[in-house]
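In: how would this look folded up:
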Amino acid sequence: MGFRRVGVLLLLLSSIVLVARPWAQTGRGDPPPVVVLDVKGAIGVGTAHLIDEGFARAEKEKAGLLVLRLDTPGGLVNATRDIIQRILASPIPVAIFIGPSGARAASAGTYMAYAAHIAAMAPGTHLGAATPVAMGAPGTPAPAPQRPGDDKSPAKDQASAMERKVLNDAIAYIRSLAQLRGRNADWAEKAVRDAATLTAEDAEREKVVDLVAVSVPDLLDKLDGRQVRAGDGERTLQTRHARLIQVEPSWKVKLLAVVTDPNIAFILLMIGIYGIIFEFWTPGLAGPGIVGAICLIVGLMALSVMPLNFAGVALLVAGLAMLVAEAMTPGIGVLGIGGIVAFLAGGFFLFDPADSGIDFGLGWPVLIGAAATNALMIVGVLGMALRARRQRVRTGAEEMIGLEGEVIDWSGARGRVRVHGETWAARSPQALAPGARIKVGAREGLTLQVSSIAHGG
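Out: Coordinates of the predicted model:
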């Protein structure tokens, strides 16, 4: 009886060990999944929506970490600040991984790396060059520092004060992020003030980033067990052997990324304008008007989320009004030429450089193409108008004017004539003989005013 009790006890102990062994091997069970999101290209409105989708997926999956694999030349200031605020308020830790090899995190990417809970880089990558481009207009070089004896006019002093304001604001912003995450604040200021850059190894040594990893799996292995502060408390990362969830951008994000490109938005705007003009030229087709209206609405929607300069918008509207006026009332082309000039000037000044961290604006090929297209359209309008004026009337009552015919019979000041194969009632102050050649001078209802060709009519 005693041996039987001992056997049952051993069996129970064996069962407990078998059940507890997997739990002991995994700690508190399987590690939470890790959401990975690729952020490539310029930071803009589409990027902000993409990252919002990544956070939504991470919250849905109860992820333990969100990894943003970053490769960017920079981007819009407003979009970057929105992303950083999202990172700072996230209860889920965020890791910025600048990779793969050959990637970069310039300008806005540097701010994002400083804001992340974890900053990592792949070998062969670099970050930095965070000086605001807003200190000069798009395409213009940065102003040189003033020296003693330089011109200090009020206009230059005001411009210099604005540049210092923008620069100091950017420095304070990135230093606050560095202090929050315990990273090198002095080098952060240098990246903004002097456009300094660092390679991955140098960044790790300067305590700009936390570590260097060759890939996302390698990053997760190195992060396992690390303590980070996210949300309202400390968290211990469990990332080794975690399940990876790759988030792909939705069609809305892809479409938004395409149409918010300044060149694409400008082209859509031009297509919309041309479609409406063609609809005015040939009313009733509906096709050009529908396509033009859709492109115009999409283009305006894209422009509404970009850093617009209202002077540029006003010039675009003025150019559009003059082009439409030229199309509806063809003249000598003054309105058309003015519309071209206003449209190109509006395109050049359309975007406000004070809200961009990169050279954000229209490319010269797009502007030159717009100028050439507008010029061809105006030449075409003027050509059609001049040709239409030189052509004789082919329809209506005026069609008969100038036609020649023959007198059928005549009595006094009235008679009948044959014109264009038709018999018409006619009158003339001259006495005409049957068979005489006549020319139509006017038409009154169904009666023609004629004159003899022999008498110089």
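In: which stretch of helix or strand covers Leu180?
Out: Element membership of Leu180, judged by DSSP states H and E, is helix 154-181.
In: Run through the neighbouring helices and strands of that helix.
Out: When contacts are defined as 3 or more CB pairs under 8 Å, 6 or more residues apart in numbering; DSSP states H and E, helix 154-181 packs onto helix 108-115, helix 185-193. No exception for glycine: its C-beta is placed from N, CA and C like everyone else's.
In: pLDDT on the helix or strand following the longest one, on average?
Out: Where DSSP H and E defines the elements, the next helix or strand beyond helix 185-193 is strand 197-199. Within the predicted structure, the mean pLDDT of strand 197-199 is 95.
In: Adjacent strands (with direction) for strand 197-199?
Out: Applying DSSP bridges to the sheet, strand 197-199 is found paired with strand 126-128 (antiparallel).
In: Buried residues, stretch 36-51. List them.
Out: Going by neighbour count (16 or more other CB atoms under 10 Å), the buried part of stretch 36-51 is 36-39, 42-51.
In: Could you work out the most separated pair of those?
Out: The largest separation in the buried residues of stretch 36-51, counting by CB to CB, is between Val36 and Val45 at 22.0 Å.
In: just for the stretch 201-350 of the chain, where's the confidence low?
Out: Low-confidence segments of the stretch 201-350 of the chain (pLDDT under 70): 281, 283-285, 304-305, 307, 324, 327-333.
In: re the thing from before, buried residues in the helix holding Leu180, which are they?
Out: Using 16+ other CB under 10 Å as the test for burial, helix 154-181 gives Glu163, Val166, Leu167, Ala170, Ile171, Tyr173, Ile174, Arg175, Leu177, Ala178, Arg181.
In: residue contacts, the fourth one?
Out: Put plainly, it is Ala170. The neighbourhood of Ala170, defined by CB atoms under 8 Å, 6 or more residues apart in numbering, consists of Ala130, Thr131, Pro132, Val192.
In: Then Ala120?
Out: Ala95, Ile96, Phe97, Ile98, Gly99, Val209, Asp210, Leu211, Val212, Ala213, Leu219.
In: any idea how far it is from Ala42?
Out: Plainly put, Ala120 is 22 Å away from Ala42 if you go by CB to CB, to the nearest Å.
In: One more: Ala105?
Out: Separation of Ala105 from Ala42 (CB to CB) stands at 12 Å.
In: Give me the common contacts of those two.
Out: Common contact partners of Ala105 and Ala42 (CB under 8 Å, 6+ apart): Thr72.
In: Contact partners for Leu219?
Out: Counting by CB under 8 Å, 6+ apart, Leu219 makes contact with Val67, Ala95, Phe97, Ala120, Leu211, Ala213.
In: quick one: which of these is nearest to Pro262?
Out: Nearest to Pro262 among the contacts of Leu219: Phe97, at 28.5 Å, using CB to CB.
In: For that closest one, identify the helix or strand it belongs to.
Out: strand 94-98.
In: Mind listing what's buried along stretch 247-263?
Out: Neighbour-count burial for stretch 247-263, counted by 16+ other CB under 10 Å, picks out Val247, Pro249, Val253, Leu256, Ala257, Val259, Thr260, Asp261, Pro262.
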